[in-house]
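1. return a 3D structure for these sequence lines:
(one chain, ligands or ions: 1)
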Amino acid sequence: MSSHQITIRTQDGESVSFECLEDEDVISAGLRQDIFLMASCREGGCATCKGVCTEGDYEIGKVSVQALPPEEEEDGYVLLCRCYPSSDMEVEVPYTYDRISFSPEGLGFEAEIVNLRDVSSNVVELKLLRRGDDKQIKLDSGQFYDLEIPGTSLTRSYSPANTANNRGELDFLVRIVDKGKFSSFLQYDAFVGQTINVKGPFGVFGLKENGFTPRYFVAGGTGLAPILSMVRRMREWDEPQNCAIYFGVNTEEEVFYADVLQHLQQEMPKLKVNICVWKASESWCGEKGSVVDILRRDLKDLGIKPDLYLCGPPGMVDATYAVCAELGIPSQQIFLEKFLPSTN
Ligand code: FES
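-> Numbering: from 1, shown residues only. Below you'll find the model as predicted:
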């Protein structure tokens with residue numbers, strides 16, 4: 001059987017090469033040779049394995065258009081889990097060499113559920129503690145982990161709201177969705193003391209250095225988790241720039257962590273928090289209306305162009321991106337993570 005040489009170039013100028021057989025996707029070829037490139041769903045749905053092909057020919061299998069929009073595909077972007085080379089190939093990936101693991105255990109560990117509680121009408125807070133002697137949680141704020149539903153091989157991806165630590169702590173916010181597999185597990189089967197297999201961290205969403213440019217964070221629902229992690233990281237590093245969080249939900253019953261946000265604002269004088277309720281009642285005293293419209297109002301009056309970090313459902317992220325583009329914020333200053341629907 002013929003094979004092709006694949007070279008993966010990382011952001012820090014390093015590279016790794018391996019063989020890929022005919023009819024084999026690049027992620028599987030790497031795995032066969034103990035090269036664990038960044039990947040999560042392995043079925044074209046999550047975009048974790050995205051890179052850009054700089055040389056070579058290939059076919060792309062079935063992918064979600066959310067994960068690989070047609071215009072990106074035209075520009076040479078590929079999802080490596082659905083990329084079948086027909087020649088030698090070179091691919092640039094948006095992460096550094098240390099994100100590639102060379103052993104199957106590299107990224108997996110066991111954790112124990114230490115707390116579970118409802119924080120709003122549709123969000124559960126799930127706190128985990130890493131088991132074993134190694135308590136290191138090596139995380140770039142904004143990244144996510146895959147959590148496996150015990151007794152199955154099904155995983156779901158969630159970003160922690162906390163920052164890297166040596167205490168083994170991981171705090172997640174999970175939206176409860178009707179008939180969702182992880183939702184059903186949390187509602188009916190999960191208990192304190194239970195063990196969950198965790199893998200990660202994955203993803204490239206995170207803080208970018210840009211001098212003293214202000215940072216604006218826009219979160220829809222549980223998109224608040226990676227945003228909180230990034231803002232908490234800024235607090236740990238005493239970063240001096242202005243920043244603002246725009247947190248959008250549909251109804252007041254869906255608001256969570258108002259106290260956490262208020263506390264953060266007290267600790268960070270340069271932080272402004274806006275909780276935006278779309279269908280608010282008369283008595284709601286925060287912002288009323290869509291988070292996108294409220295952000296547009298504030299950006300118009302701002303006079304400067306902040307960096308934007310967007311996280312939440314695709315509709316909200318796309319609408320916010322469009323507003324930023326309309327107001328002249330360059331695409332290099334907009335960083336985003338969409339919650340893509342599960343495919344299994
Ligand atoms: S791992 Fe390739 S799209 Fe999810």
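
2. show me this protein divided up by domain.
-> Described in terms of automatic domain parsing, the domain architecture of the chain consists of the residue ranges 3-99, 108-202, 215-338.

3. can the first one be said to contact the ligand?
-> Yes: applying Cβ under 6 Å from any ligand atom, one finds domain 3-99 in contact with the ligand at 39-42, 44-49, 67, 79, 81. From N, CA and C alone the C-beta is placed, and that goes for glycine too.

4. restricted to strands, list the residues you listed.
-> Among the residues of domain 3-99 next to the ligand, the members falling in strands are residue 79 (criterion: DSSP state E).

5. of the residues of domain 3-99 next to the ligand, which is the most crowded?
-> With neighbours taken as other Cβ atoms under 10 Å, the top of the residues of domain 3-99 next to the ligand is residue 79, carrying 29 neighbours.

6. that residue pairs with what?
-> Going by DSSP bridges, residue 79 is paired in beta bridges with residue 50.

7. dump the residues of domain 3-99 next to the ligand into a markdown table; add pLDDT as well.
-> Supplementary listing: the residues of domain 3-99 next to the ligand in a markdown table, determined by pLDDT from 0 to 100:
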| residue | pLDDT |
| --- | --- |
| 39 | 85 |
| 40 | 74 |
| 41 | 75 |
| 42 | 81 |
| 44 | 86 |
| 45 | 79 |
| 46 | 78 |
| 47 | 83 |
| 48 | 84 |
| 49 | 93 |
| 67 | 82 |
| 79 | 96 |
| 81 | 95 |
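
8. is it true that residue 5 touches residue 17?
-> Yes: with contact taken as Cβ atoms under 8 Å, residue 5 and residue 17 are classed as touching, separated by 6.1 Å.

9. ok so residue 183 is a strand residue?
-> No: judged by DSSP: H, G, I helix; E, B strand; the rest coil, residue 183 forms no part of a strand; its state is helix.

10. which stretches of this structure have low pLDDT?
-> Residues of the chain meeting the criterion pLDDT under 70: 104-106, 340-344.

11. tell me the residue of the stretch 51-200 of the chain that sits nearest the ligand?
-> Per Cβ to the nearest ligand atom, the residue of the stretch 51-200 of the chain with the smallest distance to the ligand is residue 81, at 3.3 Å.

12. what about that residue, distance to residue 60?
-> 10 Å (Cβ to Cβ, to the nearest Å).

13. distance-wise, check the closest residue to residue 15 other than its chain neighbours relative to the ligand.
-> Counting by Cβ to Cβ, 6 or more residues apart in numbering, residue 9 is the residue found nearest to residue 15 once chain neighbours are left out, at 4.8 Å. The span separating residue 9 from the ligand equals 18 Å under the rule Cβ to the nearest ligand atom, to the nearest Å.

14. would you agree residue 9 is in contact with residue 91?
-> Yes: here residue 9 reaches residue 91: they are 7.0 Å apart, a contact under Cβ under 8 Å.

15. among those two, which residue is more densely surrounded?
-> Residue environment comparison for residue 9 versus residue 91 gives the larger neighbour count to residue 91, 26 against 18, counting by other Cβ under 10 Å.
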